[in-house]
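Peer 1: Could you work out the structure for the sequence below:
(4 chains)
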There are 2 protein chains.
Amino acid sequence: MRTPDRPTIADVAALAGVGTGTVSRVLNGGLHVSEATRQNVLDVIERLGYRPSHLAAALSRGTPRTVAIVVPHLTRPSTVARLAGALAVLDQQGYDTIVCNADTPEQRDHHLAALTARHRADGVMVVSVYLAKQHLAAFRRGPIPLVTVDTVAAGVPQTGIDDVAGGRLATAHLLGLGHRRIGFVGDIVARRAEDELGHASSKRRMHGYRQELIDSGAGFDPALVRLGAHGPGVAAELAGELLALPDPPTAIFAASDAQAIGVLSAAEQRGVDVPRELSVIGFDDIEAAALLQLSTVHQPLERSGAEGARRLCALLRGLPVRPLRQQLPLRVVPRASTGRIGQPARLTPVGGLLGAGLSWGNKEVT
Amino acid sequence: MRTPDRPTIADVAALAGVGTGTVSRVLNGGLHVSEATRQNVLDVIERLGYRPSHLAAALSRGTPRTVAIVVPHLTRPSTVARLAGALAVLDQQGYDTIVCNADTPEQRDHHLAALTARHRADGVMVVSVYLAKQHLAAFRRGPIPLVTVDTVAAGVPQTGIDDVAGGRLATAHLLGLGHRRIGFVGDIVARRAEDELGHASSKRRMHGYRQELIDSGAGFDPALVRLGAHGPGVAAELAGELLALPDPPTAIFAASDAQAIGVLSAAEQRGVDVPRELSVIGFDDIEAAALLQLSTVHQPLERSGAEGARRLCALLRGLPVRPLRQQLPLRVVPRASTGRIGQPARLTPVGGLLGAGLSWGNKEVT
DNA sequence: ATCCAGATTGGAATCGTTTCCAACGAAGGC
DNA sequence: GCCTTCGTTGGAAACGATTCCAATCTGGAT
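Peer 2: Residues are numbered from 1 along each chain as shown, chains lettered A, B, ... in the order given. Presented below is the predicted three-dimensional model:
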């Protein structure tokens, strides 16, 4: 007593009275096949409930038509936006996409090792994840086509933004509003490089912040800098420390919107009015930023994923990918969380939501 | 002039002076291989830069060890949470995961057709997507192991919640606070069934809302129901209509947090104080709900994805999956957006953020 | 010294396609 | 009426692993 095997192309060919080659041709576009034969084969396929094996086809063809994407912290809004952008392009280009989530350096190493040790994907796109020398070496040995988004790696096509310039933009915005004591809340860097999962952007944004302060003459005060784990909770604590200083900052630049939201929370808890007593600016322009009327530096998140995917596709076709480092534009989006010192404007919880053109995950019908 | 082919297992075997079987054994755990041989083979593999073909292995083995997940509107927070939960389990079980995003019914049909027409994944998990008869028939014909999350399909293992009960919970919460005129803002259903992508939950939640109103004696008033496309923008418009009624509701139940946020926005714009003049409750408990101090009905989103994945794995192993319909628990999370009519409490923009134990995409270190 | 069990090993068969080449038939030009 | 030519077709080889069976080797028991 055994299960009858699933029908193969040979079964179809036999029952239809044709050769396997003909069935294969029907399956793939039907070129060089007479209409009568085509219909006959199609009927038999239907009758048998035949389903071609993707594996066998891919093996024979020589390519899995699959790419892998490695992302850190899938649930972060900025990550998802990038992923969605990439998926749209890859889908349209006919690639299956394997998604690898890495919440820890161990998971990152595990996924990267798996992807480089075996030939399972045509190419790999790495998002926001720090790639160490040994990772890059593994990719080069393959050699496995690789592109990165929001992270740099020697010799690898990359799509991203100029975080330093972004840091300068945010700081310049605050300086332009008359602020001189400007605090910074950002991510702490791991003690050992290999413990660092990714998201090195905070460090670069801080660099821009520092440069802009120095260049403008306002001066850089290390006492106004607080670093901690990513997330609004920790950021709120850090902001609390800044607000408790004898001479607290009149504005705070947070390395991400998530952290800026923590800063807003800390201000709220301490009864510090935003933006009259404290201006807050974030970075990324995630959807929640519009909800909270948070001023921020906008970066094209979804587009970054799409561009990365496009470049990976080009790479897979053997086309030249230039420039190696693609930079997407940034712009400050002023909202209600920043203003001149002592200005009477009040931050409203969700005011102006519609005016901000907020959408929630899909284009809205109007 | 041709590129030298990538080395195969035969090349490794030849160079190591062993048979292909031995190399294969080394590759897969190294059972029944002497340590000396193992090291020798490993050395040759390293020397040649040999990478086993996942495709060939999968074909020979008979299973791709891959599952596909179909999700609608990837960027919606609730969807991502479910996806993340599923990925964690599948990863740990050694499956690769292909993610298929469907933003339109056409994309849904395209992905489902591709997954059922060819044998590319061991099993499929469908999240929040409406499955029509022909879709189910295609899966059954395979037969392709299938589980669903947040959507029902005849005879298919399903993980979800009791949306009707959830609707009752939300409504009961408002009734308990003394409200009698309670409005509803939810998703409109497509005119033709095949145009419906998914997210039928709104309809069921409304049903619970209606039942609870009737059972409690408060009565159901169709004039207080407004339906439209999903998203805060449209929801804000609809809420605006409700608030403009001669005898406006004192509370609004929105079918999702995204829509509840739109309702909050509408109230803000019209100067209606929440919760003194209007109570608002949402559904899902996405992260933004905590930020905005939005009362809501909590459902275990991430867990639903994880459970679905677990059940799919069981199915793939031929284990029994019971119960067919798994229901996860719901609970009301009262926050600052609901209160008794005329109560002086004020909604603060981000107040109590920390107390709410908010995390942003990853566990925070404390 | 002989035999046997168990560990190790080689290699052929197999998985289900695609692809290439040779063969065939019909149509059209001369 | 013959020879091209082109569109169709059949079938074998290739893709690169796994797996199974038989062969070999080892060491201990008798």
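Peer 1: contacts, neighbours, all on C-alpha from now
Peer 2: Will do.
Peer 1: What is the burial count for residue A:317?
Peer 2: Counted with other C-alpha atoms under 10 Å in any protein chain shown, residues neighbouring residue A:317 total 9.
Peer 1: could you pull out the strands for chain A?
Peer 2: A:66-72, A:96-102, A:123-127, A:146-149, A:158-160, A:182-187, A:225-228, A:251-254, A:279-284, A:295-298, A:325-327, A:331-333 (DSSP state E).
Peer 1: So, low pLDDT: which residues of the stretch 1-150 of chain A?
Peer 2: Under the criterion pLDDT under 70, the flagged ranges of the stretch 1-150 of chain A are A:1-4.
Peer 1: residues in it within reach of DNA strand C, list them.
Peer 2: Proximity of the stretch 1-150 of chain A to DNA strand C, by C-alpha under 7 Å from any atom of the strand, involves residues A:5-10, A:20-25, A:27-28, A:50-53, A:56-61.
Peer 1: ok so, going back, dump the strands of chain A to TSV, plus mean neighbour count.
Peer 2: Formatted as TSV, the strands of chain A follow (neighbours: other C-alpha atoms under 10 Å in any protein chain shown):
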stretch	mean neighbour count
strand A:66-72	23
strand A:96-102	22
strand A:123-127	24
strand A:146-149	27
strand A:158-160	27
strand A:182-187	26
strand A:225-228	19
strand A:251-254	30
strand A:279-284	28
strand A:295-298	25
strand A:325-327	17
strand A:331-333	18
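Peer 1: Adding distance to residue B:159, write those strands out as CSV.
Peer 2: Below are the strands of chain A laid out as CSV (distance: least, C-alpha to C-alpha, whole Å):
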stretch, distance to residue B:159
strand A:66-72, 26
strand A:96-102, 22
strand A:123-127, 31
strand A:146-149, 34
strand A:158-160, 38
strand A:182-187, 37
strand A:225-228, 37
strand A:251-254, 39
strand A:279-284, 34
strand A:295-298, 38
strand A:325-327, 43
strand A:331-333, 41
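Peer 1: Run through the residues that contact the closest residue to DNA strand D within the stretch 251-366 of chain A.
Peer 2: Nearest residue of the stretch 251-366 of chain A to DNA strand D (C-alpha to the nearest atom of the strand) works out as residue A:316 at 16.9 Å. The contact partners of residue A:316, by C-alpha atoms under 8 Å, 6 or more residues apart in numbering or on different chains, come to A:122-123, A:145.
Peer 1: I'd like the distance from it to DNA strand C, if you could.
Peer 2: In this view, residue A:316 and DNA strand C are 16 Å apart by C-alpha to the nearest atom of the strand, to the nearest Å.
Peer 1: Likewise for residue A:274?
Peer 2: Distance of residue A:274 to DNA strand C, computed by C-alpha to the nearest atom of the strand: 62 Å.
Peer 1: Is that residue in contact with residue A:338, as I believe?
Peer 2: Yes. Counting by C-alpha atoms under 8 Å, residue A:338 is a contact partner of residue A:274 at 7.4 Å.
Peer 1: any residues in contact with both of these two?
Peer 2: Taking C-alpha under 8 Å, 6+ apart as the contact criterion, the residues that touch both residue A:274 and residue A:338 are residue A:280.
Peer 1: Can you check the distance spanned by stretch A:226-239, start to finish?
Peer 2: 8 Å (C-alpha to C-alpha, to the nearest Å).
Peer 1: For the stretch 251-366 of chain A, which segments count as helices?
Peer 2: Taking DSSP state H, counting those that start in this stretch to define them, one finds helices in the stretch 251-366 of chain A at A:257-269, A:287-291, A:301-316.
Peer 1: just those: most buried one?
Peer 2: When you average the neighbours per residue for each of the helices of the stretch 251-366 of chain A (mean count of other C-alpha atoms under 10 Å in any protein chain shown), helix A:257-269 leads with a mean of 27.
Peer 1: What's the separation between the residue in the stretch 151-300 of chain A that DNA strand C sits nearest to and residue A:146?
Peer 2: Nearest residue of the stretch 151-300 of chain A to DNA strand C: residue A:157, at 28.4 Å (C-alpha to the nearest atom of the strand). Per C-alpha to C-alpha, residue A:157 is found 7 Å from residue A:146.
Peer 1: and if you look at residue A:268?
Peer 2: According to C-alpha to C-alpha, residue A:268 and residue A:146 sit 45 Å apart.
Peer 1: Same check on residue A:260?
Peer 2: Computed as C-alpha to C-alpha, the residue A:260 to residue A:146 distance reads 33 Å.
Peer 1: need the residues of the stretch 1-150 of chain A near chain B, please.
Peer 2: Counting by C-alpha under 8 Å from any C-alpha of the partner chain, the positions of the stretch 1-150 of chain A adjacent to chain B are A:49, A:51-56, A:58-59, A:64, A:73-77, A:80-81, A:84, A:87-88, A:96-101, A:103, A:116-120, A:141-142.
Peer 1: Now, of those residues, which are buried?
Peer 2: Neighbour counting by 16 or more other C-alpha atoms under 10 Å in any protein chain shown classes A:49, A:51-56, A:58-59, A:64, A:73-77, A:80-81, A:84, A:87-88, A:96-101, A:103, A:116-117, A:119-120, A:142 among the residues of the stretch 1-150 of chain A next to chain B as buried.
Peer 1: now, which of the residues you listed lie within helices?
Peer 2: A:54-56, A:58-59, A:77, A:80-81, A:84, A:87-88, A:116-117 (DSSP state H).
Peer 1: Report the two of the residues you listed separated the most.
Peer 2: Across those, the longest distance by C-alpha to C-alpha is 37.7 Å; it joins A:56 and A:77.
Peer 1: returning to what we had before: show me how to select, in ChimeraX, the buried members of the residues of the stretch 1-150 of chain A next to DNA strand C.
Peer 2: Per 16+ other C-alpha under 10 Å, the buried members of these correspond to this ChimeraX selection:
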select /A:9,20,22,23,24,27,50,51,52,53,56,58,59
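Peer 1: Keep the residues of the stretch 1-150 of chain A next to DNA strand C, but drop any that are not near DNA strand D.
Peer 2: For DNA strand D, the contacts drawn from those by C-alpha under 7 Å from any atom of the strand are A:20-22, A:56, A:59-60.
Peer 1: who's in contact with residue A:127?
Peer 2: By C-alpha under 8 Å, 6+ apart, residue A:127 lies in contact with A:69-72, A:79, A:148-151.
Peer 1: How about residue A:204: what's its closest non-neighbour residue?
Peer 2: Counting by C-alpha to C-alpha, 6 or more residues apart in numbering or on different chains, residue A:204 lies nearest to residue A:164, which is 5.1 Å off, once chain neighbours are set aside.
Peer 1: any idea how far the one you found is from residue A:241?
Peer 2: For residue A:164, the distance to residue A:241 equals 25 Å [C-alpha to C-alpha].
Peer 1: again, but for residue A:265
Peer 2: Distance, residue A:265 to residue A:241, using C-alpha to C-alpha: 13 Å.
Peer 1: Next up, the contacts around the residue of the stretch 151-300 of chain A found nearest DNA strand D.
Peer 2: Proximity of the stretch 151-300 of chain A to DNA strand D (C-alpha to the nearest atom of the strand) peaks at residue A:156, 25.5 Å away. Going by C-alpha under 8 Å, 6+ apart, residue A:156 touches A:146-148, A:324.
Peer 1: What of residue A:224?
Peer 2: By C-alpha under 8 Å, 6+ apart, the residues touching residue A:224 are A:181-184, A:242, A:249.
Peer 1: Intersect these with the contacts of chain B.
Peer 2: On the criterion C-alpha under 8 Å from any C-alpha, none of the entries of the contacts of residue A:224 sits beside chain B.
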